[in-house]
Structure formats: structure tokens, C-alpha cells
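Colleague: give me a 3D structure for the following:
(chains A, B, C and D)
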2 protein chains.
Amino acid sequence: MTAAQGPEETGITRAAADGETAVETIQREMTAFARRARASAGRMHPELSLVSFSLLGHLEDLGGCRATDLAAHYALDKSTVSRQVSALERAELIERRLDPEDHRVQVLHLTDAGRRILAQVTESRRAAFRERLADWSAEDLERFAAYLTRYNGWNR
Amino acid sequence: MTAAQGPEETGITRAAADGETAVETIQREMTAFARRARASAGRMHPELSLVSFSLLGHLEDLGGCRATDLAAHYALDKSTVSRQVSALERAELIERRLDPEDHRVQVLHLTDAGRRILAQVTESRRAAFRERLADWSAEDLERFAAYLTRYNGWNR
DNA sequence: CACTTCGGTTGTACTATACAACCAGAATCA
DNA sequence: TGATTCTGGTTGTATAGTACAACCGAAGTG
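Modeller: Numbering: from 1, shown residues only, chains lettered A, B, ... in the order given. Below you'll find the predicted structure:
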């Protein structure tokens, strides 16, 4: 909230004040995007919700991890993750391997089917993105990507 | 991964191939953002979900509209909107005015309380955004905003 | 006047989510 | 060592948001 009081009081320069509308635009556009994303994700891939997709992706990136790690990474309650994991296991997209070291933990791994579905959905999502970004120049794409990364980087 | 099959087959030029990773980054970051947005929106403003917020905002922009319009604009089912509207009315943030011309339609209007809450949440959201963007230069802000607008502009 | 269209509501079901209570294994400490 | 606490995970319960289908009443149309 520090910045909330307004540019003047925070010592932000005139340049930043000019950026004020830009902040608002960013807010509006990001919000709009978020709103749409959820709505369309379900329709695009009835088999894999946005959350499941993210979980599988993370699992693939790490090559297996614990449910607790997923919960922490996505700021989800462990019960939520537990149920998601159950569903994914029921769908045979992931499997649990008991850790012989610590009998409490179960390390989650993608199954082959999981890897396949993930790749499939990834590709179809990517196609959608690519299509929407088709007429962007490489330079713009890279700058946009950099901005997004920077924006999201606050907590990672 | 299949994308990995490559740009060649899609006739995308070399420049676009360079952008391939950028597309992936954009996809990943936008997805991550969408995932977080919902999660945090609820926590920040228990009184006004992201959807309700959007609905109120739209109502304010248009200065009143029908439930059907909201449904169309946000690609929501009319039953969903109906319930959202009921909740907002119950909370006295909006009111329905029967159209004397057509007794089927009810034109939705923000109440004073609705306007107040909306402004409040808008401001607090804006503060959060502003804070996260505090150390961005005006130039970067404007470019980022422009990119987002361009990205989202596919359907408006 | 009968039929259709339109705006909206209600019944039902499902998903994602949180919080709290709980359980079992592991670690710690007196 | 035995009691206590910590940790990973599951289950019970409740809520929000959503869709789909069936319906209602008003308006338009043949």
C-alpha cells in the first residue's frame, strides 16, 4: 500500500505519474485475462483443468515431488491438492511412490499417460497462444514475455 | 513438446522460431497469473469476487444494462448471471429497475453503496498493482500495458 | 389466437476451494 | 525411553461459481 496514497506523497516522479494510466490498463487487462482464462480453460480441455494442468506441468518440471510441495508452490490448501492428486491418480495420469526413507511422504510421478496428455494439452494450448500471437514480431514477443516474467516474478 | 516439431511445418519464419520460447514464456506466465489471480482475489476482497467486481465495473461503465448483456459480455450462462445479480442485489450493491417499455427486462443499476464499494475495491486492487509495479519505469509500464491490450484485443 | 422468441429464474449437479479435525509416521526432548 | 510435538496427508463439511435443462411470463409473429 505504500504506493497507494498516490504518486506525490511517495516521491514518485512525474514520469511515474504519467504511467498511472498504464498501471490501470495493466490492472484491467490482467484482470480481464484472468477472468477469461478460467472460463475458457474448462471448455478447451474438459479433461484437464487449469490447476491440474499446472500441477502436471510442475511435476514434469521437477520430475516428481510431494503433494506438500505442490501446495506450497501454488498456494493451495493441502486438502485441495490431496483431492486433485487423488483425481489425477484415479485418471492414471500420475502415480504415488512411497518413500522408503519416510513413510509419511509419497512422491508423485507422471505416468506415461500423464506425460502424453500433458504434452497434448500443452501443445493445444500453445497452438492457441501461438495463433493469437501469430502476427507479433519476435521482438515484441520477447519483450512481452520479459515483462510478464518480471511482473510475475514478485514471488518466485 | 510437439511444438517442438517446429515452426518449419507451420510455415513460420525464422524470426518466429526465435520467438517460440517467448510464446511459451507468455503462455506459462499468463497461466500462472490467471491461476493466482483467482486465488488471491478472494482473499483480498472477501466481499467482492473477481466476477462480481467485473460485473459491477461493467455496470458502472455502461451506466446500467440488462443481465443478458452481462452474460453475453462475459460469456457466462444466464443462470450464473442471474444468481450473481441476485447476490449483488441482496448485498444492495445494485438495483433492478423494471423497463416500462418491456416488462421482461430489468435494467441493472449500481446503487450508491455499490459505487462506493466498487471504488474502494478498485482502489485497493490498484494499490496492489501499483505496488507491484512500483519500480517499473514509465516507459516499461506503457509498453507492458500496450502489449497486454494488444494481446487481449483479439475479441473486443 | 396459437406459436415462437426473449429475458430471466429455479432445480440440479459438479468442480474447486478452504478450514478444521483427524491419523500415522518421524523427530525431539526431558 | 516414553511423551510430546511436528509433518505429510486424508476426510468431513461448507461455500462459491459455474453449466445445463426445465420452466415462467411477457412480447412479437404467423
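Colleague: would the helix or strand containing residue A:107 count as contacting chain B?
Modeller: Using DSSP states H and E, residue A:107 sits within strand A:106-110. No. Contact of strand A:106-110 with chain B (CB under 8 Å from any CB of the partner chain) is absent, the minimum separation being 12.9 Å. Where C-beta positions appear, they are placed from N, C-alpha and C, glycine not excepted.
Colleague: after that strand comes which helix or strand?
Modeller: Downstream of strand A:106-110 (by DSSP H and E), the next one is helix A:112-132.
Colleague: which strand or helix spans the nearest residue to residue A:144 once chain neighbours are set aside?
Modeller: Leaving aside its chain neighbours, residue A:144 sits nearest to residue B:147 (4.2 Å; criterion: CB to CB, 6 or more residues apart in numbering or on different chains). Here residue B:147 sits within helix B:138-152, counting by DSSP H and E.
Colleague: which SS state does residue A:136 fall under?
Modeller: Recorded secondary structure, residue A:136: coil (DSSP: H, G, I helix; E, B strand; the rest coil).
Colleague: the helix holding residue B:147 packs against which elements?
Modeller: Contact here means 3 or more CB pairs under 8 Å, 6 or more residues apart in numbering or on different chains; DSSP states H and E; on that basis helix B:138-152 packs against helix A:14-18, helix A:20-44, helix A:138-152.
Colleague: which residue would you name as the spatial centre of chain A?
Modeller: By CA atoms, centre = their mean, the mean C-alpha position of chain A lies nearest to residue A:54, the distance being 5.7 Å.
Colleague: hang on, isn't that one packed against residue A:74?
Modeller: Yes. With contacts counted by CB atoms under 8 Å, residue A:54 reaches residue A:74, the gap being 6.6 Å.
Colleague: between those two, which contacts overlap?
Modeller: Common neighbours of residue A:54 and residue A:74, counting by CB atoms under 8 Å, 6 or more residues apart in numbering or on different chains, are residue B:35.
Colleague: which ones are touching the nearest residue to residue A:37 once chain neighbours are set aside?
Modeller: Nearest residue to residue A:37 in three dimensions, chain neighbours excluded: residue B:34, at 3.6 Å (CB to CB, 6+ apart). Residues in contact with residue B:34 (CB under 8 Å, 6+ apart) are A:33-34, A:37-38, A:41, A:50.
Colleague: ok, back up a step: what residues does the strand holding residue A:107 touch?
Modeller: Strand A:106-110 has contacts (CB under 8 Å, 6+ apart) with A:56, A:59-60, A:63-67, A:70, A:85, A:93-99, A:118.
Colleague: ok, residue A:96 to chain B distance?
Modeller: Using CB to the nearest CB, to the nearest Å, we find residue A:96 at a distance of 23 Å from chain B.
Colleague: and for the nearest residue to that residue once chain neighbours are set aside, the neighbour number?
Modeller: Nearest residue to residue A:96, sequence neighbours excluded (CB to CB, 6+ apart): residue A:106, at 4.1 Å. Residue A:106: 16 surrounding residues under other CB atoms under 10 Å in any protein chain shown.
Colleague: for residue A:106, list each beta-bridge partner.
Modeller: Residue A:106 has these beta-bridge partners by DSSP bridges: residue A:98.
Colleague: check what pLDDT it gets.
Modeller: As predicted, residue A:106 sits at a pLDDT of 95.
Colleague: mind checking how far residue A:77 is from residue A:59?
Modeller: 18 Å (CB to CB, to the nearest Å).
Colleague: the more surrounded of those two?
Modeller: The residue with more neighbours, out of residue A:77 and residue A:59, is residue A:59; 24 against 10, by other CB under 10 Å.
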